[in-house]
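1. One predicted model, sequence on top.
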Amino acid sequence: MKPEQVVIERNTLQHVMDVLMNVGGHTSPIPQLEEDIYRLRDNEREYTLRNVEDHDKERFYNAQPTQGIPGRISYFLDTNQRTQLIGHFITPLGFQVPIHYCIISSIILERQERKFKVWGAPRLKHLVLLPSAFLEDRSSVDSAHREIEVVDTEISTSDYTQIRVQSIQIAHRELTKMKIELLSEWFEATKGDGDYLIHNGSTLEDENGKLSPRVIGLSKTVYLPFKGAKEAGVKHLELSSFQRTSVFKLFRDDDDGATTKYAWFIKLREHTRHGPEFGLIKPVIIAGSDGEAVEKAEWMTFVLLKERQPATFPAKGWDKLIFPIKLCRTYLDGIVPTHETIRSFFDRA
Amino acid sequence: MGKKFEWKDRCKFPDYVNFDFGPIGKAMSTKINPNTASEFHFWLGEGEESVELGNIVACVTENGHVTLGSVVELRAIMDIDNYLTDYISHDFGDPNVEPPSDIAEMHIAKVLVIRNTEDRVKPLARGQVFFATPVGVGWGLGMSDYVSEGRGVPIGIMENGDGSFIPIFLDDTFLLGPEGSHMNMSGISGLATKTSLVEFLLKSILDKMIKSEQRRICAVFFNVKGKDMLYLDKPNPVYEPENRDDPYIQKCLRMYDELEVELKPFENVRVFAPYDRRYEGHTKSFRRDGKVEYFIWELGQIVKDIPELFDPEVWDEPVEACWIDIVEQIERQPLRTYDELMDWLNEERRTIANARITHWRGHIKEVFYKALKNLDSLAGLYEGLICTGGIDPVDIPLGDLHNGSIFVIDIQSMNDRGQMMVFNKILKKVYNILVDKNEKKDFDTAIFFIDELNKFVPRDPNVRAPIKQSLIEIAARGRSLGVSLFGVEQFMSQIDRQVVDNSSTIIYGRTGPAELMTVEYAWLTEEVRNRLTTIPRGTFLLKHAKFIQPIFVKFPYPTCVPGDQYDEPEEAVVERKVGVFGFRKSE
């Protein structure tokens, strides 16, 4: 994708508006993004947590490991999803059906000699989400502009709020698809160098078969909703700077290990005036065995601790935000219109 | 390559844009720094190091139009919100720490719009930025029109970031009249920029205008210090064959070629200096090769100027009243020479003293004594200016001024008041020649050059400057009469505003930070002001009435040798002999 293509065509919003009008919709944007209102549901509760090593409370990881560093982190992936309720239409039966405009994007930055460049090309999609089952004439959306993808959410419920909740999940599904495609390309293209990629956010629910063992998911959540978590006694909230918890395995009983991962917590930084969550990140990796996971955790902890510099202060969530991911975020924000622009556009009608 | 051709194909004015060099950045507008109709911003492409302050760029917008502008500000931005963040990122202040990621950095240029190809005045947002071509700069600055009509006076070269040499021309109708006139130049001393530029510009004017026969020009230069302007007729040794391998000399030679100015010293130069009775050449000048002609005035020629030669403390109102009666006697008797005047006054003094008279022609005798004392000291104070001791008067032959001639009046030996008097006297005479339609003359434009203009037209109203008013009048009216004043000073803030404001061409050389704090420079951006503090020799900032924005211009070494760097060969120096007496020529 050429940079010119990445930049949103100024007519895109008008095309989205056309789709809305074609289905007989009315504009009714709301001030917030749907993602800010509704939480994306995950299935982490389905996972079981089991420690695979004992926790060494006395150890700090800011010194180079004696066994060396077998890998290098050279790639950073981030995604972005913005779902905006732009309007609704009324079915012949009198249901109010919301219509969403969603922008999903994904990028990988490559770091060479401390400098960054875009790996491959960033991905960007403009989606209009609507349940076509409620449309009288489905052909009314077929004439949409080629830059816009109209996604049939296939939602059958007539509950207005449920449609909204499900819409962002469907958008997330599209985003995951986009991300996995990008990761597959990356994996194939970089087999030779063997360098690792940091994925912003947890990869726990991504199928291992579609991920690469060279992907490190970086989760910022400290919540442990997993089965067995209480019994395992993970002491992540008691960590001091440069420490990590024991590595634990996360697995489901019902997927034959398709999404089994290993994870641990690292305390990047601490501050007396901040709570125990401050600077706490959770790497999520794929490993062939418990031993391999611990081995990886040993050197990755050191490498990830180095990534705490340069600091990203005063960015939102800077205590857990590493600089390359901040760059990814800046890039993705730069190629899409702002939330204010979109809302203002649909507000005018 | 594909992108480059795409922009070229899209552009409606490809001659104005250097597509061959490639894009140097992209214009954008942000919430905090939005573009306006008069300025825009662009970021520089990765690794783009050719752009510097003063470059002229061309922004091509999606509709194919071109906006030309001058880079007035360059900023480096890093993705760091505050100093503390970076300090922390280096393990709390360890400069040796190298974080795994280099902080992203970029350069932003601010551009002041010179001209755009659209009729509408509007801010631009997106656009691909290139360097402007010489054709584009010519169009943008409005030079192409008057250059094609033969009115262009070369003043130097703008060296753009792409390495191109762009000849810069002034519009002679704004430099020498009648649309505008006068040039003012300021800058600190010691860099030889001001004098050299005037010499180069005069050469350029004479070459272009005389050849094109559009004007008949003469010049009167006043040498107020050292040997600055004394050797206009001597070739500059830097252009000797043995120096031509020097890269800077080669650059200068290229400038002469591009500007089509002949690399020859001035012709038709005559140098004049006050009389010196002790030296066989009879001139109070540092030039000793016998080429300097002397001038000295008789009483009648300077009688009206005498009060200007004294400070107000010694030439007060009672003395002035007394002087009016003396002048009356000079005319009535008549008294033809200064010696006769002094003989008569001394006789009057003796008479008063012997008769114990209290008044002289109604003036208290002490006032008369004071006036006499002043006049008695005049010959000594302004030795060489007034005929005494039987010297014949020799005036500066201003009637000999003709098209292409240059008179250099060497008044460096005189004090400020003397310099002012000579300058004013010659200025008025040439002015009268120009306005007198009955006077036969072979020139229609006269250029006056004077250094240290602050002495002649000081801004401070408390500083007495007898010729200030006449200079202000010249500045205001000269353009329509063919008088062009080229004034030079160190500090523009010390010059009367009317003189500066009436100058259609203003040149800024290297300037000190304190001077740059004054209101004269407030219209320049901070970056440009800062640049002026370190501007290299041979470079200046040019503001011309026809240009929308000022531009940085370079000029070559002049064709003539800079006086302060020239030592006359021993064999050329006429032996200095001391003589005590001068003799009046036989009638």
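-> Structure's in. What do you need?

2. quick one, helices of the stretch 401-550 of chain B?
-> Assigned by DSSP state H, counting those that start in this stretch, the helices in the stretch 401-550 of chain B fall at B:416-435, B:468-481, B:497-501, B:513-516, B:526-534.

3. Now do the buried residues in the second one.
-> So that's helix B:468-481. Residues B:468, B:470-472, B:474-475, B:478-479, B:481 are the ones in helix B:468-481 that count as buried (16 or more other C-beta atoms under 10 Å in any protein chain shown). Any C-beta I mention is one placed from the backbone N, CA and C, and that applies to glycine too.

4. mind giving me the domain ranges of chain B?
-> What automatic domain parsing lists as the domains of chain B is B:2-137, B:153-276+B:394-562, B:299-381.

5. Looking at those domains, which is nearest to chain A?
-> Minimum separation from chain A across those (C-beta to the nearest C-beta) falls at domain B:2-137, 3.7 Å.

6. How far does the closest one sit from its chain's centre?
-> The offset between the C-alpha centroid of domain B:2-137 and the centroid of the whole chain comes to 34 Å, using C-alpha atoms, centre = their mean, to the nearest Å.

7. Now for residue 173: which residues touch it?
-> Picking chain A for this. For residue A:173, no residue meets the contact criterion (C-beta atoms under 8 Å, 6 or more residues apart in numbering or on different chains).

8. Please refer instead to chain B.
-> For residue B:173, the contacting residues are B:146, B:151, B:179-180, taking C-beta under 8 Å, 6+ apart as the criterion.

9. Same question for it, what's its three-state structure.
-> Put simply, residue B:173 is helix when judged by DSSP: H, G, I helix; E, B strand; the rest coil.

10. For it, report the pLDDT, please.
-> At residue B:173, the predicted lDDT confidence score is 93.

11. what's the answer for residue A:260, then?
-> The model reports residue A:260 with a pLDDT of 96.

12. what's the helix or strand for the nearest residue to residue A:115 once chain neighbours are set aside?
-> In space, not counting the residues next to it along the chain, residue A:115 is nearest to residue B:102; the distance is 5.5 Å by C-beta to C-beta, 6 or more residues apart in numbering or on different chains. Here residue B:102, judged by DSSP states H and E, is contained in no helix and no strand.

13. Any regions of chain A where pLDDT drops low?
-> Segments of chain A classed as low confidence (criterion: pLDDT under 70) are A:1-10, A:140, A:142-146, A:348-349.

14. again, only this time at 80
-> Where chain A drops to pLDDT under 80, the residues are A:1-11, A:40-42, A:136-147, A:156, A:272, A:348-349.

15. Which parts of it are strands?
-> Read by DSSP state E, chain A holds these strands, from start to end of the chain: A:26-27, A:47-51, A:73-90, A:96-112, A:115-130, A:148-152, A:196-200, A:215-219, A:248-252, A:261-263, A:266-267, A:280-285.

16. Mean neighbour count, these: which tops it?
-> Counting by mean count of other C-beta atoms under 10 Å in any protein chain shown, strand A:266-267 has the highest mean neighbour count of those, with a mean of 26.

17. Mind checking if that one is in reach of chain B?
-> No: with C-beta under 8 Å from any C-beta of the partner chain as the criterion, chain B is not reached by strand A:266-267; the gap is at least 15.2 Å.

18. if I pick residue A:167, what's in contact with it?
-> With contact set as C-beta under 8 Å, 6+ apart, residue A:167 has these partners: A:34, A:83, A:98, A:100, A:102, A:129, A:153, A:155.

19. Quick check: closest non-adjacent residue to residue B:69.
-> residue B:111 (3.6 Å).

20. again, but for residue A:185
-> Using C-beta to C-beta, 6+ apart and skipping residues adjacent in sequence, the residue nearest residue A:185 is residue A:120, 6.2 Å away.

21. what does chain B put close to chain A?
-> B:79-82, B:84-86, B:88-91, B:97-104.

22. Write a ChimeraX command that selects only the buried members of those.
-> Paste this into ChimeraX to select the buried members of these, with burial taken from 16+ other C-beta under 10 Å:
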select /B:79,80,85,86,88,89,90,99,100,101,102,104
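
23. what's the spacing between the residue in the stretch 101-250 of chain A that chain B sits nearest to and residue B:98?
-> Going by C-beta to the nearest C-beta, chain B is nearest to residue A:114 of the stretch 101-250 of chain A, at 3.9 Å. In this view, residue A:114 and residue B:98 are 8 Å apart by C-beta to C-beta, to the nearest Å.
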